[in-house]
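K.L.:
pasting the sequence and the predicted model now:
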Amino acid sequence: MQSLQTIQMDLSEKYCHNSDPLINPYRRPSYVKRKKELIANMMASLNGTTPPNGNAVVHTGPPMPWFGMDIGGSLVKLVYFEPTDSSPAEIDSELETLKKIRHYLKRNASYGATGKRDVYLQMDKCCINGRYGTLHFIRFPTSEMPVFLKLAKSKDIAHMASTVCATGGGAFKFEADIKREVNLGLHKFDELDSLIHGIHYIEAYNQHECYYLSEPLDDDKCTKTPYDFSHPYPFLVVNIGSGVGILAVYSPEKYKRVSGSSIGGGTFLGLCALLTGCETFEDAIQLAANGDSTKIDKSVRDIYGGDYSKFKLSGDIIASSFGHMCSAEKRAQATPADLARATLVTITNNIGAIARMCAKNEGIERVVFAGNFLRVNEISMKLLAFAMDFWSGGTLKALFLEHEGYFGAVGCLLELMKTGHSS
Ligand SMILES: Nc1ncnc2c1ncn2[C@@H]1O[C@H](COP(=O)(O)OP(=O)(O)OP(=O)(O)O)[C@@H](O)[C@H]1O
Ligand SMILES: CC(C)(CO)[C@@H](O)C(=O)NCCC(=O)O
């Protein structure tokens, strides 16, 4: 059995090409030490034992399969832990159903018409509750829950007597359906607790989880740069799902929800569908990428003929989102792509403005944006990176996370370890 220390070193080899601590921040002793401490503490809190020290790990914990499920307003996120350290005897004694589920999930990257496994996000060599394995990340629209429940029933999930942990509003909304259709009881966990635990776990494991965008508005120069998150507190989490939740985080266990907004990812997709007839999030983003929002939004220049110098408002700044749409002539010229772009820009800037006010109120400088609204959505990430820096006079930093919308599901999977089952 590999020790946790060895695995951490493996990860360093995998991700960090430069071993000079002066060049590579991830090689600095303070960073490595802090990461090890974070993981060790997390493992200790999950195991209820002392952290691993290189000795063989005893396989305890709830029976497999280990899933964490986040049933949101738009998307269901499913995180599946595939053990890779099972002994031949353990594999032999596995239930047939369990083998089938693993093969089904691993063999495919798509499930039915709308289920997807984000293979590029897969995390190998993870350690949860003393078990080593791979984390798989799967999503499907919440509107497909009835289909998912039928599938779960057909795969005989209930006969594995496993505990299903779920978070998100849907854990409450669908609890009775899950009981009735699949005969499974749910362990429900709070979505924001799960989000915070998930962020800490994934960030501690994946050295390149957190990054920022330098030169966000220059397409040639914009670069994704790893951010050293070893001393992150306090930080703000702006979770952009269907709606937006804003949390101030002071430690792995201490946070508060400081604000929220109903103008979020669901608003973007809803308005875009109304305005352009697009059907999917991917289509809406694609349209927006080809559109020009200046045909839709009224700028300071459109009003002043130039800059509003007294208050340092450059002519390029948007004075009125969708302001041009008051004119029948401009409406006639607006294309679906322009409308999609303006919708994306409007929603993103609104979220950025609220995030900035929250950060100012809380006296926080690091703002971490998460949630699936940012999936395949470079436009919003660049806008947020620019807006946070520009409007705060350089005091705020926008940070992003690779596993965008999966933290709630990961946090929920971690909660499964505390449910008191033993195999
Ligand atoms: N394939 C997709 N289908 C639908 N929405 C998508 C997709 N990919 C990204 N999105 C965006 O992600 C948003 C949902 O994000 P996320 O999964 O983080 O939130 P949620 O958990 O469903 O919502 P909430 O937390 O508010 O209940 C959607 O509103 C949409 O803007
Ligand atoms: C309702 C939730 C928490 C569901 O995840 C989320 O969509 C949200 O935070 N919406 C914004 C609600 C508000 O205005 O504070």
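P.N.:
Thanks, I have the structure now. Ligands and ions are numbered 1, 2, ... in the order given.
K.L.:
show the pLDDT at Ala152.
P.N.:
Looking at Ala152, its pLDDT reads 87.
K.L.:
swap in Thr348?
P.N.:
pLDDT, read off for Thr348, is 98.
K.L.:
which strands or helices does the strand or helix carrying it pack on?
P.N.:
Counting by DSSP states H and E, the element that carries Thr348 is helix 336-362. If contacts are counted by 3 or more Cβ pairs under 8 Å, 6 or more residues apart in numbering; DSSP states H and E, helix 336-362 sits against strand 235-240, strand 244-251, strand 254-261, helix 265-276, helix 281-289, strand 366-370, helix 378-391. No exception for glycine: its C-beta is placed from N, CA and C like everyone else's.
K.L.:
so what's the nearest residue to Gly133 once chain neighbours are set aside up against?
P.N.:
Leaving aside its sequence neighbours, Gly133 sits nearest to Pro83 (Cβ to Cβ, 6 or more residues apart in numbering; 4.2 Å). Contacts for Pro83 (Cβ atoms under 8 Å, 6 or more residues apart in numbering) come out as Met64, Arg131, Tyr132, Gly133.
K.L.:
run the last query once more with 7 Å
P.N.:
Residues near Pro83 by Cβ atoms under 7 Å, 6 or more residues apart in numbering: Met64, Arg131, Gly133.
K.L.:
kindly provide the distance from it to Leu269.
P.N.:
Pro83 is 36 Å from Leu269, where distance means Cβ to Cβ, to the nearest Å.
K.L.:
I figured Tyr406 was touching Val76, is that so?
P.N.:
No: between Tyr406 and Val76 there is no contact under Cβ atoms under 7 Å: 11.2 Å.
K.L.:
please say which of the two ends up with more neighbours.
P.N.:
Tyr406 (29 against 23; other Cβ atoms under 10 Å).
K.L.:
ramachandran angles for that one?
P.N.:
Dihedral angles of Tyr406 (phi, psi; degrees, to the nearest 10) stand at phi -100, psi 0.
K.L.:
likewise for Ile296?
P.N.:
phi -110, psi -40.
K.L.:
burial count for the residue nearest to it when sequence neighbours are not counted?
P.N.:
Once flanking residues are discounted, Ile296 sits nearest to Ala342: 3.5 Å by Cβ to Cβ, 6+ apart. When neighbours are counted by other Cβ under 10 Å, Ala342 registers 28.
K.L.:
wait, which of the helices and strands packed on helix 336-362 is closest to Ser154?
P.N.:
helix 281-289 (28.0 Å; Cβ to Cβ).
K.L.:
residues of that closest one that come out buried?
P.N.:
By 16 or more other Cβ atoms under 10 Å, the buried positions in helix 281-289 come out as Phe281, Asp283, Ala284, Ile285, Leu287, Ala288.
K.L.:
closest to ligand 1 out of those?
P.N.:
Phe281 (3.6 Å; Cβ to the nearest ligand atom).
K.L.:
for the closest residue to the closest one other than its chain neighbours, give its distance to Ala340.
P.N.:
For Phe281, ignoring the flanking residues on the chain, the nearest one in space by Cβ to Cβ, 6+ apart is Leu269 at 5.5 Å. Leu269 is 10 Å from Ala340, where distance means Cβ to Cβ.
K.L.:
what of Thr348?
P.N.:
12 Å.
K.L.:
and these two? which has more neighbours close in?
P.N.:
With neighbours defined as other Cβ under 10 Å, Thr348 and Ala340 compare such that Ala340 has more, 28 against 23.
K.L.:
count the neighbours of Ser261 for me.
P.N.:
So Ser261, with other Cβ under 10 Å, has 18 neighbours.
K.L.:
and for Arg117?
P.N.:
19.
K.L.:
and for the one 10 residues further on?
P.N.:
By other Cβ under 10 Å, the residues close to Cys127 number 21.
K.L.:
secondary structure element for Gly411?
P.N.:
Going by DSSP H and E, Gly411 is part of helix 407-416.
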